[in-house]
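Peer 1: sharing a sequence plus its predicted fold:
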Amino acid sequence: MSLVKFSLPATSLVRYFTSTSALSNKIDPRDNFKPAVEEYKPYSPFQVRPSNKLDYVIARMDDVANWARKNSIYPLTFGLACCAVEMMHIAAPRYDMDRFGVVFRASPRQADLIIVAGTLTNKMAPALRRIWDQMCGPKWAISMGSCANGGGYYHYSYSVVRGCDRIIPIDIYVPGMLLFFSILFLGCPPTAEALMYAVLQLQKKIKYMRIQQEWYRK
């Protein structure tokens, strides 16, 4: 058995193993990590140069109006089927939609949002349209559940409207159940969390409205 003999002295070995080239593979890449600087995003989606004074003022008017509208949404209590139970659930203390400025109203003349929660029949369709016409503008509509979106389980029934968007314009769709190869996904009625997410998406949509700017362009 032969022993390996180092020709380098001990000091040279220490200098070799402590050199930069030997330690280059042991450097933690996290040492060079720098946190990303978040880009400043102003509240207003309408970026207008202050030098254009009239356009700037009109854009700020839209900002104030949209801020007030999205924080004071008044949905109408319009429940048609089992989805109405989850619609009532978001007004309960567990979710408390009042903290987002969402307060239910019993009169269409005091409401600016209608939530079609449930199956819309042919007999109920004229009443839905009449209520929609009585609401003050700007107004919005949410279709909740598969029955309201496209008829759902009763899609081929003679008495069911295959989608409430045939009667009134819909802004947000809340999906219901989805049957795929005998596997049921999501669930119907949609949960209260799904409806809450739809309301938050509607608030985001209201934030980008250009009512004053479109009026000025005309």
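Peer 2: Good, I have the coordinates.
Peer 1: my guess is P93 is in a strand, correct?
Peer 2: No. Counting by DSSP: H, G, I helix; E, B strand; the rest coil, P93 is not found in a strand; it is coil.
Peer 1: return the distance of it relative to K53.
Peer 2: Remark: distance between P93 and K53 (CB to CB, to the nearest Å) = 47 Å. C-beta here means a position set from N, CA and C on the backbone, and glycine is covered the same way.
Peer 1: who's more crowded, those two?
Peer 2: Per other CB atoms under 10 Å, whichever of P93 and K53 has more neighbours is K53, with 10 against 6.
Peer 1: bridging across strands, which residues link to the residue lying closest to L202 once chain neighbours are set aside?
Peer 2: Excluding its sequence neighbours, the residue lying closest to L202 (CB to CB, 6 or more residues apart in numbering) is I172, at 5.3 Å. Beta bridges link I172 to I142, judged by DSSP bridges.
Peer 1: wait, what's in contact with I172?
Peer 2: Applying CB atoms under 8 Å, 6 or more residues apart in numbering to I172 gives the contacts 140-143, 198, 201-202, 205.
Peer 1: same thing with T77?
Peer 2: Taking CB under 8 Å, 6+ apart, we find T77 in contact with 104-106.
Peer 1: the residues you listed in strands, which ones?
Peer 2: With strands taken from DSSP state E, there is no overlap with these.
Peer 1: what number of residues lie near the residue nearest to Q110 when sequence neighbours are not counted?
Peer 2: Counting by CB to CB, 6+ apart, Y74 is the residue found nearest to Q110 once chain neighbours are left out, at 6.1 Å. Counted with other CB under 10 Å, residues neighbouring Y74 total 17.
Peer 1: quick one: contacts for Y74?
Peer 2: 102-105, 110-113.
Peer 1: quick one, strands of the chain?
Peer 2: 75-76, 113-117, 140-144, 172-174, 178-180, 183-185.
Peer 1: got the CA positions of stretch 66-78 in CSV?
Peer 2: The C-alpha atoms that make up stretch 66-78 are tabulated as CSV, following Å, rounded to 0.1, in the frame of the first residue of the first chain:
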residue,chain,number,x,y,z
ASN,A,66,-66.1,56.1,-9.6
TRP,A,67,-64.7,56.0,-6.0
ALA,A,68,-68.1,56.9,-4.7
ARG,A,69,-69.9,54.4,-6.9
LYS,A,70,-67.8,51.4,-6.2
ASN,A,71,-68.0,52.0,-2.4
SER,A,72,-71.7,52.4,-2.3
ILE,A,73,-73.2,49.5,-4.3
TYR,A,74,-76.9,48.9,-3.6
PRO,A,75,-78.0,45.5,-4.8
LEU,A,76,-81.6,44.6,-5.2
THR,A,77,-83.1,41.7,-3.2
PHE,A,78,-84.0,39.6,-6.3
